[in-house]
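Asks: I would like to see how this sequence folds:
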Amino acid sequence: MRQVGGVMALCMFVIAVLFVEGCAVKGWWGSESGQEGPAQEELIKEPPIKEISPEDGQLTDSRTSQAMQSELLSRNDTGLANGTLSDVLFDFDRDTIRADAMRVLEADAKQLQQDRVAGLLLEGRGDEFGTSAYNLVLGERRARNVKSYLQELGLSIDVRTTSYGKDRPLCFEHSGECGQRNRSVHFVVK
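Replies: Numbers count the residues shown, from 1 in each chain. Below is the predicted model of the structure:
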């Protein structure tokens, strides 16, 4: 009888462990680690963009009207009185900071410290390829990576991030150079 009770207890223990593991995987307690907080995985499941079509028939001209261009250009001003800050450029469909962008960030951080800037908004963007939702997520990742690098450089100011994806471009032409300019993080001094 003791053996049956021991086996029964072992079975109950195994079932309890499997239940707890299943709950953690499904996120019933906030995350796989059991801690509360946002999920680590992106909610938007968009496949990565594999190729750029030279003539994408789905591009619209709504953002290239003169009135829209004027409004967007005024919003894209950095707000820095002395000198200018360079945008941080990214490779197509990537959110990792390139080696040349690290040098740009170092120069921007020095400029921000010289001007004693108290607040900064980092605007992540994407190019015209892919969905708006995909580019919003990609732009936010880019902005967060730039913020992290600025903090590693010792910049201790209020830095906030946002993403405009492909919906608020810095450049309006349908060219490779313009696409590169839009795959960026833009600095706005607050």
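Asks: drop to CA atoms for contacts and neighbour counts, all remaining ones
Replies: OK.
Asks: buried sites along stretch 154-165?
Replies: Within stretch 154-165, the residues that count as buried by 16 or more other Cα atoms under 10 Å are 155, 159, 161-165.
Asks: next one: stretch 182-190
Replies: Neighbour-count burial for stretch 182-190 [16+ other Cα under 10 Å]: 182-189.
Asks: neighbouring contacts of it?
Replies: Stretch 182-190 is contacted from outside by 76-80, 85-92, 117-127, 139, 142-143, 146, 166, 169-171, using Cα atoms under 8 Å, 6 or more residues apart in numbering.
Asks: go on, stretch 144-155?
Replies: Residues contacting stretch 144-155 (Cα under 8 Å, 6+ apart): 88, 95-97, 105-106, 109, 113, 122, 159-161, 185.
Asks: among those residues, which are in strands?
Replies: Among the contacts of stretch 144-155, the members found in strands (DSSP state E) are 88, 122, 159-161, 185.
Asks: and of these, the nearest to residue 131?
Replies: Nearest to residue 131, judged by Cα to Cα, of those is residue 185 at 18.4 Å.
Asks: Pairing partners for the closest one in the sheet, please.
Replies: With DSSP bridges applied, residue 185 shows beta-bridge pairing to residue 88, residue 124.
Asks: Just the pLDDT for it.
Replies: You'll see residue 185 listed with a pLDDT of 95.
Asks: sorry, back to before: hmm, which of the contacts of stretch 182-190 are the buried ones?
Replies: 76, 78, 80, 85, 87-90, 92, 117, 120-127, 139, 142-143, 146, 166, 169-171.
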